[in-house]
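Participant: no FASTA, just this:
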């Protein structure tokens, strides 16, 4: 496909164990982005093999001084959000991949790792927010070009395999630190115990007060709440096939 600038963008979906990724970039950068995802997974898996507590912790984890920068970034995000470090894993991998493509010269690259999205945009892009409730179906965010990476990460207590202790259909967080956005999306989702307006307001206050968080949005039941600097809300048409997730064969 071609963007408004004539840039020839290629969309690719691939899966490796628990990671289901959709990538959009110019063809020459896709191999770099894919290789970075495998590298990030190897770093994380190697660390888990040396310390299983990192994988199982549901609270912040103090990493050793010699931990890889990717592990430190996950642990920093977990401490800020007051969650376990694996709450940041999808965003961390997506961010690592987009950074690698950017270092090779890409100015437009998107990695959607199961709803946790890192993107570097040279042209306007719509990001849809997937919900079950038809009242909010088609809701999306209009993101403008930027020379810095942006994270849009979503946690859900009803959709997908991620661990969430809340009831939100979508708890979405925006940050230029994608790893932090992922951890804070988990925190936001955990805080949504119901669709009461005060619960939503309090949860949004807590998460948007975390340094580095630009904005957040919650959908729970028939209620929606938002706070902070969010991209413009727009209507976005997308199909079920465009929702990133592990594609199991029919049984």
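Facilitator: Okay, I see it. Only a predicted model underlies this, so the values are computations on that prediction, with no experimental measurement involved.
Participant: name the helices or strands packed onto the longest helix anywhere in the chain?
Facilitator: If you go by DSSP state H, the chain has its longest helix at helix 27-50. Under the contact definition 3 or more Cβ pairs under 8 Å, 6 or more residues apart in numbering; DSSP states H and E, helix 27-50 sits against strand 9-16, strand 19-26, helix 52-56, helix 69-81, helix 89-103, strand 109-113. Bear in mind the C-beta positions are built from the backbone N, C-alpha and C, glycine included.
Participant: Now with 6 Å, please.
Facilitator: Applying 3 or more Cβ pairs under 6 Å, 6 or more residues apart in numbering; DSSP states H and E, one finds that helix 27-50 contacts helix 89-103.
Participant: Need the distance between the two termini of stretch 122-129.
Facilitator: Counting by Cα to Cα, to the nearest Å, you get 21 Å between the two ends of stretch 122-129.
Participant: And for stretch 168-178?
Facilitator: Using Cα to Cα, the two ends of stretch 168-178 sit 20 Å apart.
Participant: Centre of the chain to that stretch, how far?
Facilitator: Remark: stretch 168-178 is offset 7 Å from the chain centroid, using Cα atoms, centre = their mean, to the nearest Å.
Participant: go on, stretch 88-107?
Facilitator: The chain centroid and the centroid of stretch 88-107 are separated by 12 Å, computed with Cα atoms, centre = their mean.
Participant: And for it, what's in contact with it?
Facilitator: By Cβ atoms under 6 Å, 6 or more residues apart in numbering, the surrounding residues in contact with stretch 88-107 are 25, 29, 32-33, 36-37, 40, 74, 77-78, 109, 111, 113-114, 116, 118, 120, 122, 149, 151, 153, 178-179, 181-183.
Participant: that older thread, what residues sit buried inside the longest helix of the chain?
Facilitator: 29-30, 32-34, 36-37, 40-41, 43-44, 47-48 (16 or more other Cβ atoms under 10 Å).
Participant: Quick check: beta-bridge partners of the most centrally placed residue in the chain?
Facilitator: By Cα atoms, centre = their mean, the chain has its centre lying nearest to residue 116, at 1.8 Å. For residue 116, the beta-bridge assignment (DSSP bridges) gives partners residue 113, residue 153.
Participant: Quick check: it vs residue 231, distance?
Facilitator: To residue 231, residue 116 is 16 Å away according to Cβ to Cβ, to the nearest Å.
Participant: before we move on, the earlier item: and the contacts of stretch 88-107, which are buried?
Facilitator: Those of the contacts of stretch 88-107 that meet the buried threshold are 25, 29, 32-33, 36-37, 40, 74, 77-78, 109, 111, 113-114, 116, 118, 120, 122, 149, 151, 153, 178-179, 181-183, by 16+ other Cβ under 10 Å.
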